[in-house]
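Peer 1: With the sequence up front, the predicted model follows.
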There are 4 protein chains.
Amino acid sequence: MPQTSAAEVSARPLPFDVADLSLAEAGRHQLRLAENEMPGLMALREEFGPVQPLAGARIAGSLHMTVQTAVLIETLVALGAQVRWASCNIFSTQDEAAAAVAVGPTGTVDAPAGVPVFAWKGETLEEYWRCTDRIFDWSAEGFDGPNLILDDGGDATLLVHRGVQFEETGAVPDPSTLSGTDAAVSEEYRVVLDLLRASIARDPQRFTRIAAGLIGVTEETTTGVHRLYELAASGHLLFPAINVNDSVTKSKFDNTYGIRHSLPDGLNRATDVLIGGKVAFVVGYGDVGKGAAEALRGQGARVIVGEVDPICALQAAMDGFQVARLESVIGDVDMVITGTGNTRVVTVDHLLGLKHLAIVGNVGHFDDEIDVAGLAAIPGAERIEIKPQVHEWRLPNGRSILLLSEGRLMNLGNATGHPSFVMSASFANQVLAQLELYTRRDEYPIGVYTLPKSLDEKVARLHLQALGAELTTLTDEQAAYLGVSVDGPYKLDHYRY
Amino acid sequence: MPQTSAAEVSARPLPFDVADLSLAEAGRHQLRLAENEMPGLMALREEFGPVQPLAGARIAGSLHMTVQTAVLIETLVALGAQVRWASCNIFSTQDEAAAAVAVGPTGTVDAPAGVPVFAWKGETLEEYWRCTDRIFDWSAEGFDGPNLILDDGGDATLLVHRGVQFEETGAVPDPSTLSGTDAAVSEEYRVVLDLLRASIARDPQRFTRIAAGLIGVTEETTTGVHRLYELAASGHLLFPAINVNDSVTKSKFDNTYGIRHSLPDGLNRATDVLIGGKVAFVVGYGDVGKGAAEALRGQGARVIVGEVDPICALQAAMDGFQVARLESVIGDVDMVITGTGNTRVVTVDHLLGLKHLAIVGNVGHFDDEIDVAGLAAIPGAERIEIKPQVHEWRLPNGRSILLLSEGRLMNLGNATGHPSFVMSASFANQVLAQLELYTRRDEYPIGVYTLPKSLDEKVARLHLQALGAELTTLTDEQAAYLGVSVDGPYKLDHYRY
Amino acid sequence: MPQTSAAEVSARPLPFDVADLSLAEAGRHQLRLAENEMPGLMALREEFGPVQPLAGARIAGSLHMTVQTAVLIETLVALGAQVRWASCNIFSTQDEAAAAVAVGPTGTVDAPAGVPVFAWKGETLEEYWRCTDRIFDWSAEGFDGPNLILDDGGDATLLVHRGVQFEETGAVPDPSTLSGTDAAVSEEYRVVLDLLRASIARDPQRFTRIAAGLIGVTEETTTGVHRLYELAASGHLLFPAINVNDSVTKSKFDNTYGIRHSLPDGLNRATDVLIGGKVAFVVGYGDVGKGAAEALRGQGARVIVGEVDPICALQAAMDGFQVARLESVIGDVDMVITGTGNTRVVTVDHLLGLKHLAIVGNVGHFDDEIDVAGLAAIPGAERIEIKPQVHEWRLPNGRSILLLSEGRLMNLGNATGHPSFVMSASFANQVLAQLELYTRRDEYPIGVYTLPKSLDEKVARLHLQALGAELTTLTDEQAAYLGVSVDGPYKLDHYRY
Amino acid sequence: MPQTSAAEVSARPLPFDVADLSLAEAGRHQLRLAENEMPGLMALREEFGPVQPLAGARIAGSLHMTVQTAVLIETLVALGAQVRWASCNIFSTQDEAAAAVAVGPTGTVDAPAGVPVFAWKGETLEEYWRCTDRIFDWSAEGFDGPNLILDDGGDATLLVHRGVQFEETGAVPDPSTLSGTDAAVSEEYRVVLDLLRASIARDPQRFTRIAAGLIGVTEETTTGVHRLYELAASGHLLFPAINVNDSVTKSKFDNTYGIRHSLPDGLNRATDVLIGGKVAFVVGYGDVGKGAAEALRGQGARVIVGEVDPICALQAAMDGFQVARLESVIGDVDMVITGTGNTRVVTVDHLLGLKHLAIVGNVGHFDDEIDVAGLAAIPGAERIEIKPQVHEWRLPNGRSILLLSEGRLMNLGNATGHPSFVMSASFANQVLAQLELYTRRDEYPIGVYTLPKSLDEKVARLHLQALGAELTTLTDEQAAYLGVSVDGPYKLDHYRY
């Protein structure tokens, strides 16, 4: 796979051997197939392509560099934007997709016509943050930086905010002096601090200028949105943000239907273990957990759910699932899947209590849902690579567990993430959010916003025809009766779907 | 069944032959069984009974007078309230439940120790509104009226608002001069107008005084809530309202899990027709439609969904249902179930297009989801009562349809409505909402409110133990990581579950 | 309900007050609706009515006297047969159906034009066996007895076989001298012995003559079939028998899809308890248990399965159900449903271990699946009738259980049994089996037979159109490739479906 | 991938570069994991290993050379057998599994200690049949041939029967003179004829001697069993055969639960297309189709079923699926999955009627379920390889289809076939069948047999513990009541499960 040094990252966008176009060609094939599965994005190209509403937009994107993202990128470009891109996860890049985007549909290795992409499968943490840094470097285009961020998990936004913070204080902290949450993610945070220290040394106002030029950010996930609300609540948010995650057609589609698809896919590619008849414990019964539980039951597993929220727990019970604490049933469990957004929901004690060769995987967000660090610290625990992203951990109790993707998102690491159709809905929201910020920037003071329901409904509408679904139309009499417009929106804002 | 004239309604609460206690005894048995299925209400009796927080509360209740409501009424009484009750539907009263409540656990026919109840199965419209009127008559208790309304569908609230309106204008309109929406419900509205005209003739300030004494209303359903938001938006709302309907543990439990239960129950009791293998068309894929579709699929039906909202339509498609317009598939349909809150979603043309003896039933709200009036107006259409609440309509095309509960709520008319466990969740919200309004009245200016999430979670928590569900508890570290309290609330307000 | 003494049974067929035709009229309405749901029987009337293939057949029927059976009876008559009928269960008769059949479509109370029916809801054991005896009394028609039996559970067949046996030995045993299995069912068996003793006293060769005139029997259920195979194996079978039960369109439709429908129906009518979220234990995962488990899961219950057969147990596990011994999980169980055909699968110890007000019901066959006798023998146990067929048993441990239909078939006792469509498949098999025996009697020496697969497929074919199912037709090339006829049969005899 | 000429096949068993042990090591890891998922085979090793009941057995195996088959092979060896192995499909070999078996757990490249394996992924037809031929060459072991065949699809059995036939007639037909069915498979059949012609030229009595030495064959699949019954019916069967396919724990587990697992796995690996919301047409609702339909519904697809057998069609309808002819709904279909064992169930007309980029795959048996030959013959049709086993066919109508595995078994070609647990059940039946034939050969005259039910139940029993399933044990009273032994078998032979 690509062996690119951090130095090389600075030098060039192409994440592959420049003498070989076959990767880009393979990616181009996949893009063509994906486009058929992304009717929302293609409809937006058709609707907005002629008017180029994103002309002048400079988008710094940080989001898993997959085939679907490639279709998103090319959609943004089709609407007039300039784009630079990094992945938001060290394992999730599909190299052929990155190559296809970088080369572009009409480009060659020597004259790439595509988008600068800084991403490959299997980055180191240093490489990852260096790549993220590079999406803010618009010097080649003649600008201080982007005017829009499209973010997933908030790393790009974090970099700007911390950059501005440390540029203001004039000093980057010494990681050895940190405590608390920052320390908990200290290995990665040290990398960020090193990068910012070097940036400030080179240009002490760089992120300050970048922040000043930013119209705003559109954020993809729960985790990133959570950070944004915290920044807004504390008064530190530097620019407006649109919470794409909480569009219905994002959170309840991507999280639920995407996971329903990609969880069993990842399990199968990683292990080939029959899911039917097995006892699967799903930690968390939010949107992700609901999709996971449905998928596993649909394959004939007996699913047990763990929850802290009594409402979600009651939903799980009403859906026919046993609701239990993991430790109460640990000895019966053949596979544990986490989908909480929480930390250490699978502890070392849990891992030691599982059946021999039980499977442990995470489809939540960060890699600390499973206490992998704690696992590695068990005296005598031995890690054997069965294949990439699949590791047997031999435990001192004589049993083993199978850990997928080292505790990171297994649906990305062991499979190919959410399928195109689901991402078409999420990404149509992203495009509409970028359009909203860029074309109506005056209506968005600093703050965190969700998309108006009419746009949410529009995204849904764009995907129905491809499924052969016929929508019923309200009569005027009915619309008047309900007090809505015939064209929607049809529900009050607090409606939960 | 009870043959009570409107005159008698005025005279006494007992909805049955006063010489016969067997109905009350049968109801008492059912209450005891229902209490076992209503852990939320029983837990509230245990928690709040000793402190009598509703002492001094005078509650006028208008809600289906079923066994479950009887447990609610006795819970309100156990918390210190005085209560008067009517049903909110002419067919939905379970007479034994009404009798049990009216007589009370320790009462006799001669000395009833219970709550004045004005409801029986099969009221006329005149009787229905006369009964509703009587819950506002607290003269026997020495008051002008209640200080709280507990409403379902908003009829009690409507009566006060229209009463005040006409008392202000000094005149009740002549129905023959009405047009528009009012005219559309003109038969029933004429009854209301007649009643209010007589009221004003007797006492021209009665409802004005009642309204002045009201702390507020807690409203159970979508329809009633919709009316409240309209009143609030137009500035006509007379007192604060708590929207109980939109508690998660109400809207997503009662509407979904309640209908999942009571729809097939009603179909079976009404028709004994095998659901398996049949084509069932579910109109609407909101909370009600989702429960309906799941129940019918769970019985082996092929379900087709009709929707106007593209988001809900996409959810239906993603859940594996065909999404179509009713007219596109009408010739294949064995049963049509409406759950929209909309008007005339099943038209006369639809009814004429159905298969012979297709079943038509409504679990939405008002009886105009199915155009029963239009059906009755078809020249040559003939109505044959198969049994109470089940009518064959012979159509001029040579086919028949089976109409359930004359288009009213068939899960109430043909079955016994939502089961106790579901109602325990809804009614625990009602009790908490009454408590909230009564004990913290100063914090609620006129407006429409939802219950705080902490109370919603409390309701869920009260029901988990009865199902044997074990809740996981956050560690302090996890709570800090998520930025929530260990005891909740766990989600942001916009979370959709 | 009908108060008919055993003496009256002898005197007349009509199971209701002769002065009142309303019951028959109500039944006639229901028959008309049921006919729409029984396309198999109606198609057989259409195909065979013109040629009267059952002319000369005298059928003694012993099968639950429901609306569906009424359609069966009238189908047999439409094909030329003479019929006399009793129920095979003391609780299962629907009186209006019995009345409708007895009066006949064109009859009056004074001149009934229908079929002699000896059945009503709530017979005593003495009445039950007296009714069974009367279907063998064809003196009014001028014959010694029937020439065909249509049996369910084998009681009619048993009566003939025991009658012949005792007529041969010349003596009926004294019940007090019995031991073993006979003694285990001694209360009912004593009634049979008394009846046969009286019969022999009146006419010592009656059953011998009846047996001699019998062409054969067609048997509906597992239990009856089991008895027939035992009789055949021991050489005591007196006439040919067709095992209708093991037609695929019977055993895998009636047992599975019928129970899927009628189990939740019975639970709902009996208790109104929410099934969703509850823990339901299904004893047995044969055809009945599979239908039960699917229905309960479809309503949101968590289902646990008990099994003795490892193959069925593995199927349950693969279908995602927990497989456990009842005693291992008894404290978590909210409802126990038996469907085994076995004895005492729910013991007194189980009953004492259940949660308060747990529901206990049987959809298997005999009433000894649940040890009701043992329950009644618990010192201090108290039986309270909540309503007919629903009894609370207060146990000395302070808890209660809810026992449905006194341990007999709750889907019949608490609901209306299998729905018409399912029975149309079963009964089409019955009609074809009667036709087969009557028209091809020479090809059936004494023995037990299943219907040829071509007839099984025919039954299925007759039901597809009503469901809108399109069957694909083999090309000649495909039929040759598969080595089958284009018209079937399509599978080898051992194929399991 | 391995580039091995037919000449090399003759020379050596190792299907990989002899200088590289990494493939074998990777396979060895997978075997260890698979053993944990194959509790049936491991239990048989434990039970029978010490007594070596297969000592002296020489088994010629022709079955997909996967990791699971490797565990089967090593189980046969652990019971004392000598084994030679080929695959029964040109695409299905997992090279690392073949390598691991060939090298053996303790072997080296220079001194392999394993089993001679003649199989690799991507054989030509010539190579395939050459490999099949080599499992009959036991000269190195000092024998004329094997004494047992373990077959899948009947190719090994076919080779012996045709070999004997042509050795008897003394001549191998000229393919150009063939007609009918033989001609229909003429390309492959020509290869077989060429091979046999060469064999007879070398040794005119070779297959006659081999057949004489054969105790019998155990056959895995429907197709092979079908051939065996035809041979037996025509009197041409040369040795006894055990039909393993029709063990319940084979046909209803492998076909149903295996396909339920591996169909979506194959779809995902091949296409990454979201299954949810799509319209999937499943051709055939036998055991395979039932598993396919359940899997697709479990992923949120809308499934439509095509069937020729009215019983299976009625089952599909009762399970809630639309039943239609493919041509009736072709324009709505997003994916077509065949599972019939029939020929040309998807015709060229169907392929031309599908939506753009509709997916077409086969999980039935032979590659002629989909008319791939007809597709290739469409003038102007163009085949583009998206990746191995995934081909876009551009059609002259401007649309494309995605054909998986060139119409062969896509769950093998695009995924890894049935998972280990399912194969453990199938292969435990195979081992028991080989044991039965070898140790009780005198009880099996020439004919086709199924395994006794007690062995079928044993296989199930061996798999329950791994799933945590608790089996209930009959009491003596219950066993007597049912007329069975406490230890089983529990059902009559015709029971369908």
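Peer 2: Yes, it's here. Numbers count the residues shown, from 1 in each chain, chains lettered A, B, ... in the order given.
Peer 1: contacts, neighbours, all on C-alpha from now
Peer 2: OK.
Peer 1: Give me every residue in chain A lying close to chain D.
Peer 2: Proximity of chain A to chain D, by C-alpha under 8 Å from any C-alpha of the partner chain, involves residues A:26, A:29-30, A:33, A:36-37, A:257, A:260-261, A:264-265, A:268-269, A:272-279, A:294-295, A:297-299, A:332, A:357, A:386, A:416, A:419-422, A:467-468.
Peer 1: rerun at 7 Å
Peer 2: Residues of chain A that fall close to chain D, judged by C-alpha under 7 Å from any C-alpha of the partner chain: A:29, A:260-261, A:265, A:268, A:272-274, A:277-278, A:295, A:298-299, A:332, A:386, A:419-421, A:467-468.
Peer 1: Among the residues you listed, which are located in helices?
Peer 2: Per DSSP state H, helices hold the following members of these: A:29, A:260-261, A:265, A:268, A:295, A:298, A:420-421.
Peer 1: Just the strands from the stretch 201-350 of chain A, written as ranges.
Peer 2: Across the stretch 201-350 of chain A, reading from the start of the chain, the strands by DSSP state E, counting those that start in this stretch fall at A:216-219, A:241-243, A:279-283, A:302-306, A:322-323, A:335-338.
Peer 1: on that earlier part again, could you dump the ones in helices among the residues of chain A next to chain D into JSON lines with pLDDT and distance to D:H226 added?
Peer 2: Below are these laid out as JSON lines (pLDDT from 0 to 100; distance: C-alpha to C-alpha, whole Å):
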{"residue": "A:H29", "pLDDT": "90", "distance to D:H226": "42"}
{"residue": "A:R260", "pLDDT": "98", "distance to D:H226": "38"}
{"residue": "A:H261", "pLDDT": "98", "distance to D:H226": "37"}
{"residue": "A:D265", "pLDDT": "98", "distance to D:H226": "34"}
{"residue": "A:N268", "pLDDT": "98", "distance to D:H226": "32"}
{"residue": "A:A295", "pLDDT": "98", "distance to D:H226": "36"}
{"residue": "A:G298", "pLDDT": "98", "distance to D:H226": "32"}
{"residue": "A:S420", "pLDDT": "96", "distance to D:H226": "42"}
{"residue": "A:F421", "pLDDT": "97", "distance to D:H226": "42"}
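Peer 1: In TSV, list the residues you listed along with neighbour count.
Peer 2: Formatted as TSV, the entries for those read as follows, by neighbours: other C-alpha atoms under 10 Å in any protein chain shown:
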residue	neighbour count
A:H29	18
A:R260	29
A:H261	30
A:D265	28
A:N268	25
A:A295	28
A:G298	25
A:S420	28
A:F421	30
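Peer 1: Most widely separated two among those residues?
Peer 2: With C-alpha to C-alpha as the measure, no two of these lie farther apart than A:H29 and A:G298, at 31.3 Å.
Peer 1: in the stretch 101-250 of chain A, what residue is nearest chain D?
Peer 2: A:T249 (14.0 Å; C-alpha to the nearest C-alpha).
Peer 1: shaky segments in the stretch 351-497 of chain A?
Peer 2: In the predicted model of the stretch 351-497 of chain A, no residue satisfies pLDDT under 70.
Peer 1: can you rerun that using 80?
Peer 2: Low-confidence segments of the stretch 351-497 of chain A, defined by pLDDT under 80: A:365.
Peer 1: Chain neighbours aside, what residue packs nearest to the residue of it found nearest chain C?
Peer 2: Proximity to chain C, evaluated over the stretch 351-497 of chain A using C-alpha to the nearest C-alpha, is greatest for A:K355 at 17.0 Å. Excluding its sequence neighbours, the residue lying closest to A:K355 (C-alpha to C-alpha, 6 or more residues apart in numbering or on different chains) is A:G331, at 5.9 Å.
Peer 1: quick one, what contacts the residue in the stretch 51-200 of chain A positioned nearest to chain C?
Peer 2: When C-alpha to the nearest C-alpha is the measure, the stretch 51-200 of chain A has its nearest residue to chain C at A:S92, with 32.0 Å between them. The neighbours of A:S92, taking C-alpha atoms under 7 Å, 6 or more residues apart in numbering or on different chains as the test, are A:64-65, A:121, A:412-413.
Peer 1: With A:P146 instead?
Peer 2: A:58-60, A:136, A:138, A:214.
Peer 1: The residues of chain A next to chain D also near chain B: which ones?
Peer 2: Counting by C-alpha under 7 Å from any C-alpha, no member of the residues of chain A next to chain D is near chain B.
Peer 1: Just give me the residue right at the centre of chain A.
Peer 2: Compute the mean C-alpha point of chain A, and by C-alpha atoms, centre = their mean the closest residue is A:D152, 4.8 Å away.
Peer 1: which of the contacts of A:S92 sit farthest apart?
Peer 2: For those, with distances taken as C-alpha to C-alpha, the pair at the greatest spread is A:M65 and A:G413 (12.4 Å).
Peer 1: more neighbours, the two?
Peer 2: For A:M65 and A:G413, the more surrounded residue by other C-alpha atoms under 10 Å in any protein chain shown is A:M65, and the numbers stand at 31 against 25.
Peer 1: distance of the more buried one from A:F118?
Peer 2: Taking C-alpha to C-alpha, to the nearest Å as the criterion, A:M65 is separated from A:F118 by 9 Å.
Peer 1: repeat for A:T169
Peer 2: Here A:T169 is placed at a distance of 30 Å from A:F118 (C-alpha to C-alpha).
Peer 1: Those two: who's more crowded?
Peer 2: A count of neighbours by other C-alpha under 10 Å puts A:F118 above the other of A:T169 and A:F118, at 29 against 10.
Peer 1: Over to that one: give its phi and psi.
Peer 2: Main-chain dihedrals, A:F118, degrees, to the nearest 10: phi -120, psi 80.
Peer 1: Once you drop chain neighbours, what's closest to it?
Peer 2: For A:F118, ignoring the flanking residues on the chain, the nearest one in space by C-alpha to C-alpha, 6+ apart is A:A86 at 4.8 Å.
Peer 1: same thing with A:P388?
Peer 2: A:S405 (8.0 Å).
Peer 1: List the contacts of the residue nearest to A:K355.
Peer 2: Remark: with contacts taken as C-alpha under 7 Å, 6+ apart, A:G331 is in contact with A:353-355.
Peer 1: okay, the nearest residue to A:H64 once chain neighbours are set aside: pLDDT?
Peer 2: If the residues on either side of it in the chain are set aside, A:H64 comes closest to A:S87, at 4.4 Å by C-alpha to C-alpha, 6+ apart. In the prediction, the pLDDT value recorded for A:S87 is 95.
Peer 1: from memory A:S87 sits against A:V67, does it?
Peer 2: No - because the distance of 12.0 Å does not satisfy C-alpha atoms under 7 Å, A:S87 is recorded as not touching A:V67.
Peer 1: Show me which residues of chain A are close to chain B?
Peer 2: Taking C-alpha under 7 Å from any C-alpha as the test, the list of chain A residues beside chain B reads A:286, A:306-312, A:314, A:322-325, A:342-343, A:457, A:460-461, A:464, A:469-474, A:478, A:482, A:490, A:494, A:496-497.
Peer 1: So what would you say the end-to-end distance of stretch A:362-380 is?
Peer 2: End to end - C-alpha to C-alpha - stretch A:362-380 spans 24 Å.
Peer 1: what does that stretch rub up against?
Peer 2: Applying C-alpha under 7 Å, 6+ apart, the set of residues contacting stretch A:362-380 from outside is A:337-348, A:395-396, A:407-411.
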